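> Fold the following.
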Amino acid sequence: QGNMAFAGKYEFEGDENYDEFVKAIGLPNDKAEMGRNCKIVTEVVQNGNDFTWTQHFPGGRTTTNTFTIGKEADMETMGARKFKATVKMEDGKIVADFPNYRHTAEISGGKLVEISTAAGIVYKRTSKRIA
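Numbers count the residues shown, from 1 in each chain. Predicted structure coming up:
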């Protein structure tokens with residue numbers, strides 16, 4: 001797959017354990033409602049170990065995290081909280097420890113598979129490649 005495996009545009013296809021997960025991380029109800037079955041488009045620009053990871057939400061809101069593998073970066077959580085994290089690459093997966101959950105992302109079968117774990121609850125989001 002090489003190092004550029006993540007670059008592309010992906011559209012939300014499905015998820016598992018969303019409600020349990022947002023409860024576990026304490027996401028307010030209005031934000032939880034907005035994110036449910038939300039056709040988020042994730043755009044990943046990758047240049048070696050440098051990433052720009054943008055999520056486009058319906059209605060025009062976007063969140064962008066820019067990071068370099070192995071270096072601390074300013075990041076934003078699902079609930080729009082800002083924090084610092086060092087993103088790692090483990091077995092071809094991007095791994096980030098957020099303040100209240102652990103997030104991994106990988107390309108599997110041409111899809112972007114993101115898994116967030118909080119308090120033993122595993123939230124899985126799958127997006128299909130559209131570009």
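> which stretches of this protein have low pLDDT?
Judged by pLDDT under 70, the chain has its weakly predicted residues at 1-4, 78-79.
> So what pairs up with the spatially most central residue of the chain in the strands?
In the chain, the centroid-proximal residue (C-alpha atoms, centre = their mean) is E114; its distance is 5.8 Å. Taking DSSP bridges as the rule, E114 bridges to A105, R125.
> And W53, by the same measure?
Counting by DSSP bridges, W53 is bridged to V44, N65.
> Can you tell me how far it is from I25?
19 Å (C-beta to C-beta, to the nearest Å). Bear in mind the C-beta positions are built from the backbone N, C-alpha and C, glycine included.
> how far away is the residue nearest to the centre of the chain from N29?
Counting by C-beta to C-beta, the gap from E114 to N29 is 22 Å.
> Can you show me the helices along the chain?
Ranges of helices in the chain, per DSSP state H, are 18-24, 29-35.
> Show me what counts as buried in the first one.
Read that as helix 18-24. Buried residues in helix 18-24, counting neighbours by 16 or more other C-beta atoms under 10 Å, are found at 18, 21-22, 24.
> Equivalent analysis for the last one, please.
By neighbour count on 16+ other C-beta under 10 Å, the buried set for helix 29-35 is 32, 35.
> ok, back up a step: closest to K124 out of the helices of the chain?
helix 18-24 (9.2 Å; C-beta to C-beta).
> ok, S116 touching V22?
No: using C-beta atoms under 8 Å, S116 makes no contact with V22, being 9.9 Å away.
> Bridged to the residue nearest to P99 when sequence neighbours are not counted, which residues?
For P99, ignoring the flanking residues on the chain, the nearest one in space by C-beta to C-beta, 6 or more residues apart in numbering is F83 at 5.3 Å. Here F83 sits in beta bridges with M75, as judged by DSSP bridges.
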